[in-house]
Every structure is written in structure tokens, then in C-alpha cells.
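Q: sequence unknown, structure follows:
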């Protein structure tokens, strides 16, 4: 499902509602982080990983360690956005994603981000190896 | 598309992400208002009404005047919810909706709400008659 | 500190930031529920009740069961709001609050709400009697 | 009021409520961006700049162009946080801030961020010089 070259990025659609906007008339910038997480979550789900179950059954939690965002052009109410997910780097207990948010059918990015997510033990919050389903999935990406 | 008896309610799916939850481990109650608005917005869109365009072209705005919510059972991370939209009452410049939020495939409501929305002039904020597309759509509901 | 007649309401100040607004140029209506909770939380704290500690030490949780809101006039960016807290009804394991949100120094309410909060066991989610500190505090209100 | 060396950072207090947390039991990471904006907004206000007025009177808007965040340790419900504001770089039409969020009275940062804010024309969204009040204020920082 997932390859690391752009044409094959995982893509998740997001619609912009009033709740996402601010008095500037555009999407409130912090909300792009939410949109990116929705896309990563759905990519995980497409690989067979449900975060709630991962926590309950394997005691593993994904936590965001670092995020760098470029806000390039404002998205607006009713916009139909596409959020991409690409793996930029695989660590022992972490993944680094490259993500873009653009209006559907266009090439112009509203926002670009780099997000580093760590896999930790839900109890101790110590780093824990990535789940096997994930390692299998991203084998060809490394 | 839309009839006022329950089996024909407009239904919109909503997935629960971390952004929607709180430290109680469940969906933060104020967020059910967001889910209900997403469903009303998509119902409007299904009728041909885009709120952004409605504002730009017809100078009309929908504003929420009243909301009453019963929080019945908590929804949780990863839950796949269904949000229903039913028209409870049609006024000259307002609509009253009855909405329910339940886990997909179940009958147990997480939240039930009654939301009154007024149609106003975007400039003066004074009441303005409902758009014709809407009146046509709900003619058989009255 | 707290009496049930209006002049003695508990009052909590809230400043409106971009995060609170939407593309309509005003406070997003669901956020008034957040402002009301901030005020209830600070009222509880003023009585000596910290919700985190209440949960850890007494296994008690407050959950919102019902909320009815009237949105009367929009609040805007940079507004300095006052949120009031009054007890409307005391039950065995619940409290009903009457709350108003107004621009500081004015009498005109932006939003009025009635919020019913239940005290439950954090494990079983079953009703549990109100904490003693709270009962002592509201003795003169009943 | 504001100097660029750490002991003199502008500091703004933020209390953590349920609305700020997620099902992981901690502050939802995107919300640190909100906390940082509250602090920047209050720093601007302390300098005499109200963003709503700045827009209405001078047609100027501040928009966030870039943000890089390190999430170092989770903040939790009821935590009393301190958010610092320091100017890292002054451009012709932009400012770069260095911000930290820590539990009050401790040295351990929950989150560190670098946020670049541009001053733009509210109409054209083109870069516009920083307001004079601001330039005067930060003269000694450059």
C-alpha cells in the first residue's frame, strides 16, 4: 500500500469545517497538526494497526517527539484537502514522517511538515521497538 | 435524500482521533457539538448548499442559537461513530435539528442533541429567510 | 466564597484568543462549553478541590451529563470575558450549574448555559456521593 | 519589560484543563502551539499591541509562517505552566520567537519551540513592516 516515492504516498482526505478555522478566515495553523495525525492514524489502520488496540494488547503507545511545520498558503472553510504520509526515516523505536497538505486536485501545498513519532511502553514511557506489522510494512521503505 | 422519520435520517460517519479525546479517556463532551455540525454541514452539502458559497453569493450565514445535549455514554479513541440529522421544526428563518451520535452498527446513543440554527444576513446579522434550495428540500418534511 | 444569589456568583475571567474563534469572526460556539468548564474548575479549586487529586485520591470523577446553551451575542477576538458560576440545584450525586458569559464590565450575556455534572466512581462510572469539601461549601446554598 | 536574555523573558501562566488533554492522559501536543500563542499575544498586549485593533486600525495581521517544536515531557491535567517568550531574530517584516513551556517553579521544559511570525497586510496578505510600537520595544533586543 505504501511506498516512499511521492506518487505512491498514502493520502487521506480532510474537509475543512468551521471548527477548524479562526477569525483570520482561514484554518487555524495548529489544526494542521491534527490533520496530519488523522492521516498517520489512517495509514497505520491501513497497515492493520489500531492505536487503541496497540495500547491495550501490546502496551505500546505512539507519541510525537518533534514537529516542524511550514505554513505556506491558507486553507479555507469548505476546502477539500488531501494529507499525504511518507516515511522519511526509520529508527529502532521511532519513525519520521514527511507530510504535505494541499487542496485536492492541486499541487500547491498549504502546509508541509516533518513529524517524528516514538514508540514507547504505555507504562514506563520508555522507548519500545516498533510493532512487527509496521516493520513488515515498511521493510521496502528502508 | 432526507425524510423526517428515523430510518431515513441523514447519517454522517465520524472517526474518533486523539484530538477528540480528553484525559478521562473518552471523547471530550464539547466535541460532540463539532461532530453534529459536521453532519449538518454535509447534509446541507448533499442538498447542494455549501456554506462558504452561501455566504459569498447570498450573504447568508447559519448561526447556532441554541443547543441542548444529553451525554449518555462515552465514545472512545478509534470509535467509528454515526451522526444523524433530522429536522424537528422549520421556522421562517430557522431550523431545529434533532441529532444522535452512536457507535456504528449499534443502537445505543453516546449523545443526543437538539440544535437550533438561524439563517441571518452576514452583514447585519438580522434574520433572513431560508435559502430556496433548502425550502424545496424540506418541503415534504414540514 | 460562594452564594447562590447573583451578586455573589463565582466569576472567572477568560480572554479570547485566535484559537477560540472561527471564520465567522466570532468565538466558535462549542468553545463556550470550554470557558464554562474553566470557571467551574476554578470554582472547585477555590473550594479546595483539585480534579486530578480528587480522581487519584478519592477515585471520583466529575462528568457532564447535560448541557443547554443559549447563544445570545457573539464574543470576539481579544474580548475580555467573565464567566459566572452559580449552583442551581444540588442532587445526591450531581450538581446543576447556571452559568453566564459576558464581556467584562457589561451586563449583556454572550452565552447562558445550564450544565448538569454528575459525580461518579472513576472505575465503575457509577454515581458516587459528592465530596465532603463540596457538601460543606454548598451547605448554605441548598 | 522585555529583554532577550533568559532571566528577563516574558512569562505567561497557563493552567491545564480537560479541554487541553487527550486520552493519553497528557496535554495534546498540538495544544502547546495554542499556549505559545497565548503568551506571544499577551506579550504584544504588554507592549500596547492588541491584534484585533492592529488589524482594524493598521490593516496589519500577524501570521505564523513556521513552527518547530520539541515535545520533551508531558504536562498533565491541573498543571500550572509557565510559557516564556523570547525574541530570537528580528526581520524586516517578521519576528522569530524562542519559547519554552515548563511546570511553574521547575526548570524542566515540557515543550520548546521556535516560531516565526510574519507581519502582513490584512487585505493582500503581502509582507508589511512591523508596527512602530513593536520596533521601539525590541530596539534593544536586536
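A: Looks like it came in fine. Note that the structure is predicted; figures quoted are calculated from it, not measured.
Q: and the residue sitting nearest the centre point of chain A, how far is that from residue A:119?
A: The centroid of chain A falls nearest to residue A:40 when counting by CA atoms, centre = their mean (3.1 Å). Separation of residue A:40 from residue A:119 (CB to CB, to the nearest Å): 13 Å. Where you see a C-beta, it was placed from the backbone N, CA and C, and this is true even at glycine.
Q: and if you look at residue A:65?
A: Distance, residue A:65 to residue A:119, by CB to CB: 10 Å.
Q: who has more neighbours out of those two?
A: Between residue A:65 and residue A:119, counted using other CB atoms under 10 Å in any protein chain shown, the more crowded position is residue A:119 (21 against 17).
Q: part of a strand, is that one?
A: Yes - according to DSSP: H, G, I helix; E, B strand; the rest coil, residue A:119 belongs to a strand.
Q: quick one: contacts for the residue in chain A sticking out farthest from the centre?
A: Here chain A reaches farthest from its C-alpha mean at residue A:23, the gap being 26.1 Å by CA atoms, centre = their mean. Neighbour list for residue A:23: C:18, C:21, C:22, C:23, C:25, C:26, C:76, C:77 [criterion: CB atoms under 8 Å, 6 or more residues apart in numbering or on different chains].
Q: right, is the helix ranked longest in chain A up against chain C?
A: Taking DSSP state H as the criterion, chain A has its longest helix at helix A:31-46. No - using CB under 8 Å from any CB of the partner chain, helix A:31-46 never reaches chain C; the gap is at least 9.3 Å.
Q: what is that helix packed up against?
A: strand A:10-15, strand A:60-71, strand A:80-90, strand A:94-103, strand A:109-121 (3 or more CB pairs under 8 Å, 6 or more residues apart in numbering or on different chains; DSSP states H and E).
Q: could you check the pLDDT of residue A:87?
A: Looking at residue A:87, its pLDDT is 94.
Q: any idea how far it lies from residue A:70?
A: 19 Å.
Q: before we move on, what about residue A:130?
A: 27 Å.
Q: quick one: residues contacting the nearest residue to the residue nearest to the centre of chain A once chain neighbours are set aside.
A: In this structure, residue A:40 finds its nearest non-sequential neighbour in residue A:85, 5.6 Å apart by CB to CB, 6 or more residues apart in numbering or on different chains. Residues counted as contacts of residue A:85 (CB under 8 Å, 6+ apart) are A:2, A:9, A:10, A:11, A:12, A:39, A:40, A:43, A:97, A:99.
Q: now with 7 Å?
A: A:9, A:10, A:39, A:40, A:43, A:97, A:99 (CB atoms under 7 Å, 6 or more residues apart in numbering or on different chains).
Q: for residue A:66, give me its contacts.
A: A:116, D:69, D:70, D:71.
Q: still on that earlier bit, from residue B:113, how far off is the residue farthest from the centre of chain A?
A: For residue A:23, the distance to residue B:113 - CB to CB - is 25 Å.
Q: ok so, going back, list the beta-bridge partners for the residue nearest to residue A:40.
A: residue A:10 (DSSP bridges).
Q: more neighbours: which of residue A:87 and residue A:70?
A: Neighbours per residue (other CB under 10 Å) separate residue A:87 from residue A:70, with residue A:87 holding more: 20 against 17.
Q: just confirm the more buried one contacts residue A:99, I think it does.
A: No - Residue A:87 is not in contact with residue A:99 according to CB atoms under 7 Å; the separation is 10.3 Å.
Q: what parts of chain A come near chain D?
A: A:24, A:29-30, A:33-34, A:61, A:64-71 (CB under 7 Å from any CB of the partner chain).
Q: a markdown table please, covering those residues and showing pLDDT.
A: Shown next, in a markdown table, are those (pLDDT from 0 to 100):
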| residue | pLDDT |
| --- | --- |
| A:24 | 90 |
| A:29 | 98 |
| A:30 | 98 |
| A:33 | 98 |
| A:34 | 98 |
| A:61 | 91 |
| A:64 | 98 |
| A:65 | 98 |
| A:66 | 98 |
| A:67 | 98 |
| A:68 | 98 |
| A:69 | 98 |
| A:70 | 98 |
| A:71 | 98 |
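Q: identify the farthest-apart pair in those residues.
A: Within the residues of chain A next to chain D, A:24 and A:61 form the most distant pair, 34.1 Å apart (CB to CB).
Q: ok, the two, which is more surrounded?
A: residue A:24 (21 against 17).
Q: now the more buried one: which helix or strand?
A: Under the criterion of DSSP states H and E, residue A:24 resides outside all helices and strands.
Q: look up how far residue B:20 lies from it.
A: From residue A:24 over to residue B:20 the distance is 24 Å, taken as CB to CB.
Q: now do residue A:44
A: Distance of residue A:44 to residue B:20, given as CB to CB: 17 Å.
Q: also residue A:99?
A: Distance from residue A:99 to residue B:20, by CB to CB: 20 Å.
Q: tell me which of those two has more neighbours.
A: The residue with more neighbours, out of residue A:99 and residue B:20, is residue A:99; 28 against 24, by other CB under 10 Å.
Q: what sits closest to residue A:80 if chain neighbours are left out?
A: residue A:104 (4.5 Å).
Q: could you list the low-pLDDT ranges of chain A?
A: A:1-8, A:140-142 (pLDDT under 70).
Q: quick one: name the residues of it near chain C.
A: A:18, A:19, A:21, A:22, A:23, A:24, A:25, A:28, A:30, A:77.
Q: may I see the ChimeraX selection of the buried members of those?
A: In ChimeraX, this line selects whichever of these come out buried by 16 or more other CB atoms under 10 Å in any protein chain shown:
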select /A:18,19,21,22,23,24,28,30,77
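Q: nearest to residue D:135 among the residues of chain A next to chain C?
A: residue A:24 (22.9 Å).
Q: which two in the contacts of residue A:23 are spaced the farthest apart?
A: Most distant of the contacts of residue A:23, by CB to CB, are C:23 and C:76, 13.0 Å apart.
Q: burial of residue A:36, as a residue count?
A: Neighbours of residue A:36 using other CB under 10 Å come to 28.
Q: actually, residue A:97.
A: A total of 22 residues lie near residue A:97 under the criterion other CB under 10 Å.
Q: not counting sequence-adjacent ones, nearest residue to it?
A: residue A:115 (4.8 Å).
Q: is the one you found in a bridge, and if so with what?
A: Bridge pairing for residue A:115 - DSSP bridges - gives residue A:67, residue A:97.
Q: same deal with the one 5 residues further on?
A: When bridges are assigned using DSSP bridges, the partners listed for residue A:120 are residue A:61, residue A:127.
Q: contact partners for residue A:75?
A: Per CB under 7 Å, 6+ apart, neighbours of residue A:75: A:16, A:26, A:27, A:81, A:103, A:110.
Q: just give the closest residue to the fifth one, not the sequence neighbours.
A: Spatial nearest neighbour of residue A:103, chain neighbours left out: residue A:79 (5.7 Å); criterion: CB to CB, 6+ apart.
Q: and for the first one?
A: Taking CB to CB, 6+ apart as the measure, residue A:16 lies nearest to residue A:79, with 4.4 Å between them; neighbours along the chain are not counted.
Q: now do the third one
A: Spatial nearest neighbour of residue A:27, chain neighbours left out: residue A:75 (4.4 Å); criterion: CB to CB, 6+ apart.
Q: phi, psi of the one you found?
A: In terms of degrees, to the nearest 10, the main-chain angles of residue A:75 are phi -90, psi 150.
Q: what parts of chain A come near chain B?
A: Residues of chain A lying near chain B (CB under 7 Å from any CB): A:17-19, A:34, A:37-38, A:41, A:50-52, A:76-78.
Q: again, only using 8 Å
A: So chain A meets chain B at A:15, A:17-19, A:34, A:37-38, A:41-42, A:50-53, A:76-78 (CB under 8 Å from any CB).
Q: ok, residue A:118 to residue A:51 distance?
A: 14 Å.
Q: where do the contact lists of those two overlap?
A: residue A:62.
Q: just to revisit the earlier point, which pair of the contacts of residue A:85 spans the longest distance?
A: Most distant of these, by CB to CB, are A:9 and A:40, 11.9 Å apart.
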